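Novice: I need the structure of the sequence given here:
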Amino acid sequence: MLIHDKARELDCEVFSLAVEPEHLHLFVNCPPDVGPYDIMHRIKGATAHTLKRDFSELDRLPSMWTRSDFVSTAGNVSGETIPMYIEQQGKT
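Specialist: Numbering: from 1, shown residues only. Have a look, this model is predicted:
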């Protein structure tokens, strides 16, 4: 999967991923020297480039991804809680 490949290239580990029709939820563990914004920027850029290369009909889109994203650290939430939350997305 494109997201997993780019995450590995950034030395990140994907713990959980849920794809929705208009957004996705991604839980990753990354080195502290790579900023969350940079991680998302690189993942969005790599996936957009590959998808537009492989599916020429996507070239008509002004952009594959919006500029917006929400990034947060896990903080006081347990590592088990976040994947359970992500797994439940789209099921309610």
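Novice: Now name the helix or strand holding the closest residue to residue 15 other than its chain neighbours.
Specialist: Spatial nearest neighbour of residue 15, excluding adjacent residues (CB to CB, 6 or more residues apart in numbering): residue 27 at 4.5 Å. Just so you know, the C-beta spots here come from the backbone N, C-alpha and C atoms, and that holds for glycine as well. Using DSSP states H and E, residue 27 sits in strand 24-29.
Novice: Just checking: what are the partner strands of that strand?
Specialist: Strand 24-29 pairs in its sheet with strand 13-19 (antiparallel), by DSSP bridges.
Novice: Buried residues, the partner strand. List them.
Specialist: For strand 13-19, burial by neighbour count (16 or more other CB atoms under 10 Å) applies to 14-18.
Novice: Pick out whichever of these sits closest to residue 39.
Specialist: Within the buried residues of strand 13-19, distances to residue 39 taken as CB to CB reach their minimum at residue 14, with 11.1 Å.
Novice: Could I get the pLDDT score of that closest one?
Specialist: Listed pLDDT for residue 14 reads 93.
Novice: Isn't it up against residue 26?
Specialist: Yes - using CB atoms under 8 Å, residue 14 is in contact with residue 26, at 6.9 Å.
Novice: And the residue nearest the centre of this protein?
Specialist: residue 26 (4.7 Å; CA atoms, centre = their mean).
Novice: ok, the residue lying closest to that residue once chain neighbours are set aside - contacts?
Specialist: Nearest residue to residue 26, sequence neighbours excluded (CB to CB, 6+ apart): residue 17, at 5.4 Å. For residue 17, the contact set (CB atoms under 8 Å, 6 or more residues apart in numbering) comprises 1, 3-4, 24-27, 86.
Novice: Roughly how far does residue 17 sit from residue 62?
Specialist: Using CB to CB, to the nearest Å, one obtains 25 Å as the distance from residue 17 to residue 62.
Novice: What angle do strand 24-29 and whichever helix in the chain runs longest make with each other?
Specialist: Longest helix in the chain, counting residues (DSSP state H): helix 36-54. For helix 36-54 against strand 24-29, the angle by axes from the mean of the first three to the mean of the last three CA atoms, to 10 degrees is 130 degrees.
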